[in-house]
Every structure is written in structure tokens, then in C-alpha cells.
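Engineer: Predicted model and sequence below, questions to follow.
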Amino acid sequence: MVVWLVIAMFIGYLFVSLANSRRHTEQRIQDQARSYARLVEEHASATFNRTNVALLAVVDQLDPLDLSLVKPLSETRRAAIKKMLRSHLQRTEGIVAMPLANAHGVVIADAIEAPAGLNLSDRDHFQLLKKDPRARLSISHAILGRVSHKWGVMLGRRIDLPDGSFGGMISANLGLDENFTYFYSTLSLGKDGAVSLRDPDDRLLMRYPVVEKLLGKQIASSGPIKERLQAGDTEGLIVIASAIDNIERVFAFRRLKRYPVYAAVGLSLDEALISWRHDRNAAALGGLLVILAGIFITIALRRQDLAENKLKALGSVVESSQDAITTADLNGILTSWNGGAEYLYGYTAEEMLGKPVTLIVPPDQTEIYNRWLKACRDGESLTNLEAVRVTKEGRRIDVSMTVSPVRDAQGHVDAYSVIARDITERKRLEAQVQQFNIELEQQVWQRTAQLRTLSKKLTMAEEKERRNLSQDLHDDLGQILAMVKLKLTSLELLDNGDSRETLRTQVREMETLVDQANRSVRSLSLQLSPPVLHQFGLVPALEWLAEELQRAYGLKVNVSDDGQPKPLGQASSNTLFRAVRELLLNVHKHAKIGKADLDISVVNDRLLLSVSDRGIGFDAAKAAIPSAAGGFGLFSVRERIGYIGGEMHIDSSPDDGTVVVLSLPLERRKKWRSENDTAASG
């Protein structure tokens, strides 16, 4: 069957989409790791360069006699050297101590107060500079400073005497917090991400999060990372489980350009796939729902032949029926008038169409008629009613009536139908009619009870699914399946006068609903909270949204960003993202144009988001009125933007396009950093 072919194609599309989505997620996390590795490498190089320049400046300002082991350093000269060291410490960001040691490792001066007799000869970086005349600069792993009492990476420069022998060392303690820890905490590494600086032997110089017992140690005696480092690779990418915590990460590493140090960034692949797994589960549920819809359609088609036979049997009854069947809108204006109504009331269809029903309602029945009309407006069906009507000749007749609401495609009541029968004509068959009415009432009661029970079960199932799925996904597919259910139910409630073509129309409408479900699942990424919003921020998320809208709906969105920082909390970012998405979907649905503009800028510490189009526009005065259909309409956008301290301005008029501007004060930088620190450490 065509229905199952469509479902099979849809399921295949889901599998392909999920495979592509996973591949894109893996590629994205690899690109992110490479970008962070480049950023960490550039930051470390800049830090080391800045410190090395300060050390070279100190060496240039020293006198060889300052390091003499024969002639003690005068207190005047020692004070001058301390002053010079403090000056360089204050001018060079990130240095917390700058000791000057002679050839025996004795500290003769420091930028901060050092205890007398302090000796650095046991430090590995001192021994390296002392033993190897070619080693002009050494970089240590993170150690605890003996003067500053702060953890830091030591950079030391060898100082030679005029005869070329080792005279001493000038070093700088680069505090971990001042130079590395805070900067690394601003990176969006996720819960299991890690950043490290390593030497070519894969020894840890620095790691974030810090593991003090591993600093200066080899992470592993062998392995692909160490092999790549020892092979001299300047950069690379490896997926491997860490020897420290056994967490599988995507590791990207880069060698610093002027120093024997590698910057490595590891991002958890499992953590990056969390959102993809949610999409996978949602897609599986969506596919299951579509299969269930296909089963319902198949059952309906199999019942079609039986229904057609029943219609043939009932057709002769309908054709010979003398019942008056009429339809009117909710204002009581007649829109249909059958032959039975002509026979019963004496008016022809030409005389009654477009006229009020009250022409056949006597004055003493007006209150009852209005009460029945109100019940229909509320969606209630009224059966076995008895009333008095007036014929064209002015004769009052007693009729038995059934009043039923008529719903449009959206399920809203927009009219009502009345089936009326002359009770007088059935007087002689009163006994038989009473029995028939009793049986009919029992059947109606049983059917109503069944429908209520089914409705209750469906409601409970709907509530359970709402907890498992996002609200947008459920509302969309839930409404579509509800319509399928209504269409299936309507097949069993078809009137005797419905034709074979009516059945085919109902089936085609159900096939259309299945197509709508297909399109709904395709736009899952728009209905769920996108991962790019949480990982990269609002602007990249809006650029991604523009691409998704063009792909899903053909709406081309031109995104313009002024490039300024836009510090926002997670709640504000989520609200703004959903608001812009709603506004762009409104352009697609109502503006009758396939193009829109999205401008993002910062003006006077306020974030401005402008969504504009050159479509048909609308009356802006009505934008403040809540939508009768509910949802995230313009009224709700205004309310939610106001809740986070923002404003919404609308400039639109018919045939003149629309401009909607969302304005929100940016958060203080201090608060923004605090939130980012919390997010990075979590």
C-alpha cells in the first residue's frame, strides 16, 4: 500500500538523519577541541613570551659582579636589585615571585620578601640550567613557591659570568590562578572536559581541573599521545580514554611555537552525544506513532468496503425519509434545507436559505431555542428534543428534534444541524417508536461511555508522553494524531446520506495528516532546545536557527551581528531564542514572503534583536491582545520578554511589512563571569 511505502520511506529518513546527526556531532566536538587547543596554545605562548621578555630585561640590567661568590653583594646593591625586580613584577602580568639565585642556588634578591638563606639548588629547573650551558631557558611543572606560597609554573633563565661559567639563575613564578586556572575556567569544557600543558615526554606541567599529585609526572609510560609527541608532531587529534580518570575524550594537542611544551584539550565524546541520544529517542517515538497511525489507516481502509455496503443499504432509507434536515450558522442563519424540511414546513429552499431559523420558531419557544443554541456553541449534542414549530401556513406542529454541533477542520464549532420529524405522523406507531427510542438511548449511552473511557485513557497517555517529550513535539504530533482519531471515529458515525466519495475524502484527509506528522518529525531540531545554544551562546544558536528555518521551511533569514560581547544568563538566552524562533515562524506562516532579516546589536548596554520582513504586515494595535489559540504568540512573547526585564516593540501596518524589536539589558560582566565559572566547574 502507498501508506506503508510512505511510512517505510519516513523510517528510512529517520535512520539516515540520525546517522548524519551523530556524524555532525562528532565532527563538531572535534572542531571544538581543535579550536580550544589553538586558543590554549596561543594563551600559553603569550604568557611565556611576556615572562621571558621580563627575564631578559632583568639579565640585561644585572652586573656580573652581582653574582660573584668571592665578593659579597652590598646591601645598597641588593636593595637596588630588589627594586628593579619589583618593578618588573608589577609591570608583567601574572608573575607572583621573581627570585635571583647565585651559582649555589642561594637567593640573593627577590621581588617579594624572601627568608634569609633560601636556596633553590634542589629545584629541577635550576639543576638543568646549571649542568647544561646550552639550556638558556627552562620551564618547570607546577610547583609550590617557597616565597609566594602559591602554585605556579617556574620559568628560569641561565646567567653566565664573563668567563662563560654558570653564574646563577633568574626565575619567575607564573601563578596558576593568575595565568591559567581562571582562563581555562572560562572555556566551555563541559562536566568532563580537561586542559593540560605537557612536555615532549608527556609529563604534566599544568592541568585543569588541577590534580596536584600528578603534576610533573608522566601520564602514561606509553600510548598514542606520547608516541605522537615523541614523534615531533606539532598538532593532532586522538580519541582515547584518559589514563587519569578513564574518561573517553577527544584530545586535540598543539605544540607551542617557541617552547618545548604542548597544549592539550580533551572534550568528553559521551557528554557531547547526550543531545543526540535525546533526538534518537524522540525520533524512535515519532516513528512508533507514525506506525500506529498507519495501522489505524489500514484498519479504516479494510472497513471501507463494509461501510460502503452499509451505505447502500441505508441509502434507500435516507432517500425515502421524510425527516427535515437543516443546517444553520451560530447566528441562526439557515445554510441548508432539504426536501424533508420543505415537506414538513412548507417552505422551499429558495425561500429559507439565508433567512433566520426564527421564522419557524413560535414566540413562546424562543427561550428554549436560545438555550439549545448555546449548548451547541459549547459543543454539546442534543437528542430526542420535543418542540413546537410553525409551518408556512401558520400551523403549529409538534416535532422531535436532534441538534448537533458542526465542527470545522480545526475542531471548532461553527454551525449546527437539526434533524426534525413530525410527531403526529408517528402517533399510530407510538408504542413501537417508544421502544425504539429506549434502545436508541441505550446505544447512545453505551457509545458515549465508551468514548469517555477511551478519551480518559488517551488523556492519561498524553500526560505521560508530555513528561517524556518536549512540549512543542507533543503538542504538534499529539494534535495530528488526535485529528486522525477524530477522522476514524467519524467513519463509524457517518450519516446515512454520506456517499462513497465522502469516505474517500476522509481517507485522503487522514493521509494528509500522516504527511503532516512526517514534516513535524523533520523539524525536531527546531522543537527541542538546540545544543548549540548551551555550548556556544545565543548568536551562534540564532545563526543555526536561520539555517534550520531555510532548510525546513524555505525561509531565508539574513543574520547580522555587530560582533560585540553579549553576556547573558542561560534563562535569558533560552527565552530570547524561543522568542526569535516564534517571530520568524510568524513570518513564514503569515507574512507571505520567503525572506526576513535578523539584526543583533548592543546599544547602551542593551541587547537589541530586530526581526523584520517586507510581507503583508498587520494591525500592530491588535498585537497586545492574547491569541485565542494560545501558544507562544506575540502576546506571550511580550509577557516572557517582560518577565526577564526586557521589552518588545512592534512597528507594522497592513501591506507595509513588520519590524519587531526585542530589547534586554545585558548582565554585569562580574555576574557573567561568575555564571561561566560555575558552568565550567560543574
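Structural biologist: On my side now, so go ahead.

Engineer: secondary structure element for the residue lying closest to Gly156 once chain neighbours are set aside?
Structural biologist: What sits nearest to Gly156 in space, not counting adjacent residues and going by CB to CB, 6 or more residues apart in numbering, is Ser171, at 3.8 Å. Just so you know, the C-beta spots here come from the backbone N, C-alpha and C atoms, and that holds for glycine as well. Following DSSP states H and E, the helix or strand that holds Ser171 is strand 166-175.

Engineer: for Ala517, what are its contacts?
Structural biologist: By CB atoms under 8 Å, 6 or more residues apart in numbering, the contact set of Ala517 is Gly286, Leu289, Val290, Ala293, Leu477, Ile480, Leu481.

Engineer: if you look at the residues you listed, which of them are in helices?
Structural biologist: Gly286, Leu289, Val290, Ala293, Leu477, Ile480, Leu481 (DSSP state H).

Engineer: need those residues in JSON lines with pLDDT, can you?
Structural biologist: Listed next are the ones in helices among the contacts of Ala517 as JSON lines, based on pLDDT from 0 to 100:
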{"residue": "Gly286", "pLDDT": "80"}
{"residue": "Leu289", "pLDDT": "84"}
{"residue": "Val290", "pLDDT": "81"}
{"residue": "Ala293", "pLDDT": "81"}
{"residue": "Leu477", "pLDDT": "68"}
{"residue": "Ile480", "pLDDT": "75"}
{"residue": "Leu481", "pLDDT": "74"}
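
Engineer: what about Val603, distance to Gln61?
Structural biologist: According to CB to CB, to the nearest Å, Val603 and Gln61 sit 49 Å apart.

Engineer: When those two are compared, which one has more neighbours?
Structural biologist: With neighbours defined as other CB atoms under 10 Å, Val603 and Gln61 compare such that Gln61 has more, 14 against 10.

Engineer: which residues touch the closest residue to Leu137 other than its chain neighbours?
Structural biologist: Spatial nearest neighbour of Leu137, excluding adjacent residues (CB to CB, 6+ apart): Arg157 at 5.6 Å. Taking CB under 8 Å, 6+ apart, we find Arg157 in contact with Asn52, Leu55, Leu56, Val59, Leu129, Arg136, Leu137, Met169, Ile170, Ser171.

Engineer: leaving aside the residues next to it on the chain, what's closest to the fifth one?
Structural biologist: Leaving aside its chain neighbours, Leu129 sits nearest to Arg158 (4.2 Å; criterion: CB to CB, 6+ apart).

Engineer: what about whatever helix or strand Asn20 lives in, distance to the chain center?
Structural biologist: Assigned by DSSP H and E, Asn20 belongs to helix 2-61. Centroid displacement of helix 2-61 relative to its chain, using CA atoms, centre = their mean, to the nearest Å, is 20 Å.

Engineer: does Ala571 really touch Gly646, like I thought?
Structural biologist: No: using CB atoms under 8 Å as the test, Ala571 is too far from Gly646 to be in contact (11.7 Å).

Engineer: so what are the domain limits for this structure?
Structural biologist: 32-272, 323-422, 529-681 (automatic domain parsing).

Engineer: closest one to Phe436 among these?
Structural biologist: Closest to Phe436 of the domains of the chain, according to CB to CB: domain 323-422, at 11.0 Å.

Engineer: what about that closest one, how long is it end to end?
Structural biologist: 8 Å (CA to CA, to the nearest Å).

Engineer: Report the secondary structure state of Ser560.
Structural biologist: Assigned with DSSP: H, G, I helix; E, B strand; the rest coil, Ser560 falls in the strand class.

Engineer: Adjust the sequence numbering to begin at 122 for everything that follows.
Structural biologist: Taking 122 as the first residue, the last one we looked at is Ser681.

Engineer: does the closest residue to it other than its chain neighbours count as helix, strand or coil?
Structural biologist: Nearest-residue entry for Ser681: Asp720, 4.8 Å, with adjacent residues in sequence omitted and distances by CB to CB, 6+ apart. Following three-state DSSP, Asp720 is assigned to strand.

Engineer: from memory Asp720 sits against Leu730, does it?
Structural biologist: Yes: Asp720 is within contact range of Leu730, at 7.5 Å (criterion: CB under 8 Å).

Engineer: In terms of packing, which of those two has more residues around it?
Structural biologist: Leu730 (24 against 16).

Engineer: That one looks like it's in a strand, true?
Structural biologist: Yes: under three-state DSSP, Leu730 sits within a strand.

Engineer: Can you give me the distance of it to Leu755?
Structural biologist: 14 Å.

Engineer: just Glu703 next, same as before
Structural biologist: Taking CB to CB, one finds Glu703 at 8 Å from Leu755.

Engineer: before we move on, what about Gln564?
Structural biologist: From Gln564 over to Leu755 (counting by CB to CB), the distance is 47 Å.

Engineer: Next: Lys476.
Structural biologist: Taking CB to CB, one finds Lys476 at 40 Å from Leu755.

Engineer: And the two? Which one has more around it.
Structural biologist: Comparing Lys476 with Leu755 by other CB under 10 Å, the one with more neighbours is Leu755, at 22 against 15.

Engineer: Surely that one is in contact with Ile771?
Structural biologist: Yes: using CB under 8 Å, Leu755 is in contact with Ile771, at 7.1 Å.

Engineer: quick one: Glu356 and Ala158 touch, right?
Structural biologist: Yes: between Glu356 and Ala158 there is a contact at 7.3 Å, judged by CB under 8 Å.

Engineer: These two: which is more packed in?
Structural biologist: Between Glu356 and Ala158, counting by other CB under 10 Å, Ala158 is the more crowded of the two (24 against 15).

Engineer: Disregarding residues adjacent in the polypeptide, which is nearest to the more buried one?
Structural biologist: Ala373 (3.9 Å).

Engineer: Could you count how many residues lie near Val758?
Structural biologist: For Val758, the count of nearby residues is 22 (other CB under 10 Å).

Engineer: Kindly report the same for Met219.
Structural biologist: Counted with other CB under 10 Å, Met219 comes out at 27.

Engineer: which residues touch the residue nearest to it when sequence neighbours are not counted?
Structural biologist: With CB to CB, 6+ apart as the criterion, Met219 has its nearest non-adjacent residue at 4.0 Å, and that residue is Ala232. For Ala232, the contacting residues are Lys203, Leu206, Arg207, His209, Leu210, Ile216, Ala218, Met219, Pro220, by CB under 8 Å, 6+ apart.
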